[in-house]
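# sequence and predicted structure are below.
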Amino acid sequence: MGARPILVYADPRLEATNRPVERFDEEIDALVEDLFETGWKAPGLGLAAPQIGINIRLATIDLSVGKDPDARIVLANPTIVHHQGKTSLEEGCLSFPGLFTNLVRPSALTVRAQNANGDWRDLEAEGLLAQAVCHELDHLDGVLLVHHLRGMKRRLFLRRVAKMRKLGVWTATA
Ligand SMILES: [Zn+2]
């Protein structure tokens, strides 16, 4: 299929429950390819299956945005098994186009996940990669940027969301 439309907030599929990936077949291979292609086109550093309306625990990350095949990471059924440190970083999301906010994330972590063949492995990540892993895992739990914000910060963010919508910057893809 190739690149697919990316759902924007507040599409309910972004906050729905995501089922575990059970079969690692051609269908998953094709979906993984579509996730990478959609991310490259956006462009973005990572994409989770629910962002294209597929509610399963699958995400891809490619910090090289298509330049380096070795940088492609597939995370199926991932969990963070270890994390350390804290760092405050600016974060964006393809489902909140044009908006950024500062979030506190672990500075380093280990994520355990299956690849597109269903093989389990542990991946160590720090800095930007650790941030990307946390961001994509949040998506698999239906957690979005706005859910991390409280009080005034949250109100201001939602006001910016409303403004983007009014300006027509965000196009509905559903
Ligand atoms: Zn996102």
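Good, I have the coordinates.
# buried sites along stretch 136-149?
136-140, 142, 144-146, 148-149 (16 or more other C-beta atoms under 10 Å). (C-beta placed from N, C-alpha, C; glycine too.)
# tell me the one of those nearest residue 100?
Taking C-beta to C-beta as the measure, residue 100 lies nearest residue 145 of those, at 8.7 Å.
# verify the stated contact: the closest one with residue 97.
No. Using C-beta atoms under 8 Å, residue 145 is not in contact with residue 97; the gap is 11.6 Å.
# adding pLDDT, write the buried residues of stretch 136-149 out as TSV.
Converted to TSV, those look like this (pLDDT from 0 to 100):
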residue	pLDDT
136	98
137	98
138	98
139	98
140	98
142	98
144	98
145	97
146	97
148	97
149	97
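# would you check which pair of those residues lies furthest apart?
Farthest pair in these, by C-beta to C-beta: 140 and 149, 19.6 Å.
# how far off centre is the lengthiest strand in the chain?
If you go by DSSP state E, the chain has its longest strand at strand 72-84. Centre-to-centre, strand 72-84 and its host chain are 12 Å apart (C-alpha atoms, centre = their mean, to the nearest Å).
# what's next to that strand, contact-wise?
Contact with strand 72-84 is made by 20-21, 24, 28, 32, 36, 57-62, 106-116, 118, 122-123, 130, 133-134, 136-137, 140, as judged by C-beta atoms under 8 Å, 6 or more residues apart in numbering.
# any idea of the mean pLDDT for that strand?
In this model, strand 72-84 has a mean pLDDT of 98.
# the residue positioned nearest the centre of the chain is in what secondary structure piece?
Centrality entry for the chain: nearest residue to the mean C-alpha point is residue 136, 3.2 Å, by C-alpha atoms, centre = their mean. Using DSSP states H and E, residue 136 sits in helix 127-140.
# packing partners of whichever helix or strand comes after that helix?
Per DSSP H and E, the first helix or strand lying C-terminal to helix 127-140 is helix 151-167. Contacting helix 151-167 under the criterion 3 or more C-beta pairs under 8 Å, 6 or more residues apart in numbering; DSSP states H and E is no other helix or strand.
# centre of the chain to helix 151-167, how far?
Counting by C-alpha atoms, centre = their mean, helix 151-167 is centred 21 Å from the centre of its parent chain.
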